[in-house]
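# For reference, the sequence and a predicted model appear below.
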Amino acid sequence: MIEMRHLATLVAIKETGSLTRSAKRVHLTQSALSHQLKRMEDYYRVMLVDRHTHPLVLTSAGERLVKLAYLIREAVETAEREIQQDNSKNKGKLRIAIECHTCFDWLMPVMDDFRGHWPDVELDLVSGFHSHPVELLYSDRADLVIISENTSQEGISFSPLFRFELLAVMANDHPLTTRKHLVADDFVHETLITYPVPVEQIDLYRKVLLPSGVNPERRTAELTIAILQLVASRRGLAALPNWGLTNYLDYGYVSARKIGHLGLWSDLYAAVLSSDSQKNYVQAFISSIQQTCFKTLEDIEPFDS
């Protein structure tokens, strides 16, 4: 008999196109997921996934079950929201601060989705750049912070959102476009264009450059499009999320390369006060981030906290 966990596995395969990434999302080993998929196919006596394609593609039978999964998930979530929203404790304000400035690109669809389901919760963005965003939680200036590290802090609860790759971005005629990937020494004589945040909050500096003793000249800009314009004008290099570059790369506006042989990956978490972590609308907003982003952003990955 088909179970919710089976449907969740098929949804993960459809949305990631990979057994490895699907296994991470549903918290199974790849071997366990493969066995689960085989049992489903044996039960229905039909193939559910075309294993000869890359990325993986569901068969018509698999697509039919995924359609059922979406219907069931929506019905369950609707019922849960209706039950939760009858409780007066689920009315309030959610003030959101962001450490990752390119997160604005995907946060708006998340907020639109959330508003449709939680109309009694007022959403607001805490403006400006914040060198220590968790302090906003302690001082009651924010209710939820999107942050790149989950270092243990008293009274703070972290929820993993997703992982994404940072790519080195350069002008199309830059000499480094001949490289398959860049290493720390490639940045020695370059100007690095970043957001105006402390160096210790920039993954390229923190994980790659400073450990190698490389500290290139730096220039800042507040807007992603401004950074890309400077890069395209040969004013320097940048490191930006893969999902924020798709359109610019497709149109040939700039070029991008991996940073390091395995790539440079960054994590995103939602941080809230531990006393707020069990509020239904807080949990719902975090869930909305995860579900919306895995539908709309390319090449992001789930990860365990």
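Yes, it's here. Numbering: from 1, shown residues only.

# hey, let's count contacts and neighbours off CA atoms from now on
Noted.

# And the helix or strand of the chain with the lowest mean pLDDT, what does it pack against?
Scoring the helices and strands of the chain by mean pLDDT, DSSP states H and E places helix 60-85 at the bottom, with a mean of 82. Using 3 or more Cα pairs under 8 Å, 6 or more residues apart in numbering; DSSP states H and E as the contact criterion, the neighbours of helix 60-85 among helices and strands are helix 4-16.

# buried ones in the helix it packs on?
With burial defined by 16 or more other Cα atoms under 10 Å, the residues of helix 4-16 counted as buried are 6, 7, 8, 9, 10, 11, 12, 13, 14, 15, 16.

# How far away from the center of its chain is the helix or strand that that helix is followed by?
For helix 4-16, the following helix or strand on the C-terminal side (DSSP states H and E) is helix 19-25. Using Cα atoms, centre = their mean, to the nearest Å, the distance from the centre of helix 19-25 to the centre of the chain it belongs to is 15 Å.

# Next one: residue 1 from residue 42, what distance?
Summarising the geometry, the distance separating residue 1 from residue 42, computed by Cα to Cα, to the nearest Å, is 11 Å.

# The two - which one has more neighbours?
Applying other Cα atoms under 10 Å to residue 1 and residue 42 shows that residue 42 carries more neighbours, namely 12 against 6.

# residues in contact with the host helix or strand of the more buried one?
Here residue 42 is covered by helix 30-44, with elements defined by DSSP H and E. Residues lying outside helix 30-44 but in contact with it, judged by Cα atoms under 8 Å, 6 or more residues apart in numbering, are 1, 2, 6, 9, 19, 20, 23, 47, 48.

# The fifth one touches residue 11, doesn't it?
Read that as residue 19. No: taking Cα atoms under 8 Å as the contact criterion, residue 19 and residue 11 are not neighbours in contact, 11.4 Å apart.

# pLDDT averaged over the longest strand anywhere in the chain - what is it?
The strand of greatest length in the chain, counted in residues with DSSP state E as the criterion, is given as strand 156-170. Per-region confidence: strand 156-170 scores 93 on mean pLDDT.

# ditto for stretch 2-9
Model confidence over stretch 2-9 averages 87 on the pLDDT scale.

# Also stretch 214-233?
93.

# Name the residues of that stretch that are buried.
214, 215, 216, 218, 219, 224, 227, 228, 230, 231, 232.

# Convert it to CSV, retaining C-alpha atoms only.
Presented in CSV, the C-alpha positions along stretch 214-233 are these (Å, rounded to 0.1, in the frame of the first residue of the first chain):
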residue,chain,number,x,y,z
VAL,A,214,45.0,36.1,0.2
ASN,A,215,43.3,39.5,0.9
PRO,A,216,42.5,41.2,-2.5
GLU,A,217,41.5,44.8,-3.0
ARG,A,218,37.8,45.2,-2.2
ARG,A,219,35.0,47.3,-3.6
THR,A,220,31.4,47.3,-2.4
ALA,A,221,27.9,47.8,-3.9
GLU,A,222,24.6,47.4,-2.2
LEU,A,223,22.6,46.0,-5.2
THR,A,224,23.2,42.7,-7.0
ILE,A,225,22.6,44.4,-10.4
ALA,A,226,25.2,47.0,-9.5
ILE,A,227,27.7,44.3,-8.7
LEU,A,228,27.0,42.6,-12.0
GLN,A,229,27.4,45.9,-14.0
LEU,A,230,30.8,46.5,-12.4
VAL,A,231,31.9,43.0,-13.2
ALA,A,232,30.7,43.2,-16.8
SER,A,233,32.6,46.5,-17.0
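
# Tell me which residues are up against stretch 207-222.
For stretch 207-222, the external contacting residues (Cα under 8 Å, 6+ apart) are 183-185, 187-196, 205, 227.

# Filter those down to the buried ones.
183, 184, 187, 190, 191, 192, 193, 194, 195, 196, 205, 227.

# quick one: least confident of these?
For those, the least confidently modelled position is residue 196, at 85, judged by pLDDT.

# From residue 29, how far out is that one?
Taking Cα to Cα as the measure, residue 196 and residue 29 are separated by 40 Å.

# Repeat that for residue 77.
From residue 77 over to residue 29 the distance is 27 Å, taken as Cα to Cα.

# returning to that earlier point: what is whichever helix or strand comes after the least confident helix or strand of the chain packed up against?
Tracing the chain past helix 60-85, the next element assigned as helix or strand by DSSP H and E is strand 92-98. Counting contacts by 3+ Cα pairs under 8 Å, 6+ apart, strand 92-98 packs against strand 121-125, strand 144-147.
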